[in-house]
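# Here is a sequence with its predicted model. Questions after.
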Amino acid sequence: MQKSNPTKTIAVTAMFAALTLLATSVLKIPTPTMGYIHIGDAFVLLSGICLGPIYGGLAAGIGSALADLLGGYVAWVPGTFLIKFFVAFVAGILFRAFTKKSLTEAGSTNFRTQTIAVILAGVIGELLMVGGYFLYEILLTAFGAGEITQAGLAAAALESATGIPFNIVQGVAGIILSTALLPVFRRIFQRNPELAKG
């Protein structure tokens with residue numbers, strides 16, 4: 001098994017963070033909940049799948065958090081970093097669990113198996129995203145209203161639930177796009193296995 005080059009690993013992690021940032025920032029569809037739908041989740045999932053749980057999680061978390069910071073959603077930055085880190089982390093672990101290999105070792109794993117693995121890892125990862133943002137928004141709403149009581153949290157939960165359908169749409173788009181882009185990244189990483197880590 002070929003060792004990864006630390007410099008290349010950092011560079012590729014930074015590249016995935018940049019791809020996540022761009023995909024999150026370039027195409028934004030505003031929602032009535034004052035948020036937006038984007039295609040960045042495709043690169044969040046691909047970060048975990050291509051780079052493994054840790055480096056993929058860092059790329060996804062940093063890229064997504066920077067998109068919120070630069071887009072003026074400062075209050076969301078900590079939550080976004082943690083949520084997207086764990087989405088990529090879980091996707092990376094599950095992809096390897098389903099295929100028994102990393103993307104670079106997948107020469108003997110058929111493409112159909114990998115595609116199914118991406119979809120399953122994506123569904124579980126994106127469910128974490130939907131739940132994570134729901135909980136984080138409850139906290140933001142309750143703190144913003146100064147109502148850290150049972151009634152205040154219940155009202156915040158009711159208000160935060162309006163964002164769930166939009167996050168589901170975003171998650172589904174991320175799964176579809178990451179599955180469509182898998183062949184491209186699969187070829188790149190199999191030809192250059194030293195680029196991946198974990």
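Alright, I've got the coordinates.
# Any regions of the chain where pLDDT drops low?
Scanning the chain for pLDDT under 70 picks out 1-4, 101-109, 145-147, 193-198.
# What's the biggest helix in this protein, counting residues?
If you go by DSSP state H, the chain has its longest helix at helix 111-145.
# Residue 32: how many residues sit nearby?
When counting by other Cβ atoms under 10 Å, one arrives at 8 neighbours for residue 32. All C-beta spots, glycine's among them, are computed from the backbone N, C-alpha and C.
# Report the contact partners of it.
residue 162 (Cβ atoms under 8 Å, 6 or more residues apart in numbering).
# picking that back up, packing partners of the longest helix of the chain?
Secondary-structure packing of helix 111-145 (3 or more Cβ pairs under 8 Å, 6 or more residues apart in numbering; DSSP states H and E): helix 40-51, helix 77-99, helix 150-160, helix 164-191.
# what's the most buried one of these?
Most buried of those, by mean neighbour count (mean count of other Cβ atoms under 10 Å): helix 40-51, with a mean of 31.
# Tell me the buried residues in the helix or strand that that one is followed by?
With elements assigned by DSSP states H and E, the helix or strand that comes after helix 40-51 is helix 53-70. Neighbour counts over helix 53-70 (16 or more other Cβ atoms under 10 Å) mark 53-68 as buried.
# Buried residues of the longest helix of the chain, list them for me.
Neighbour count says helix 111-145 has 114, 117-122, 125-126, 128-130, 132-133, 136-138, 140-142 buried, by 16+ other Cβ under 10 Å.
# which of the buried residues of helix 53-70 lies closest to residue 153?
Using Cβ to Cβ, residue 68 is the member of the buried residues of helix 53-70 that sits closest to residue 153, with 23.4 Å.
# Could you measure from that closest one over to residue 32?
Plainly put, residue 68 is 19 Å away from residue 32 if you go by Cβ to Cβ, to the nearest Å.
# likewise residue 142?
For residue 142, the distance to residue 32 equals 20 Å [Cβ to Cβ].
# and residue 34, which of the three is it?
Per DSSP: H, G, I helix; E, B strand; the rest coil, the local secondary structure of residue 34 is coil.
# May I have the phi/psi pair for it?
Residue 34 adopts backbone torsions of phi 70, psi 10, taken as degrees, to the nearest 10.
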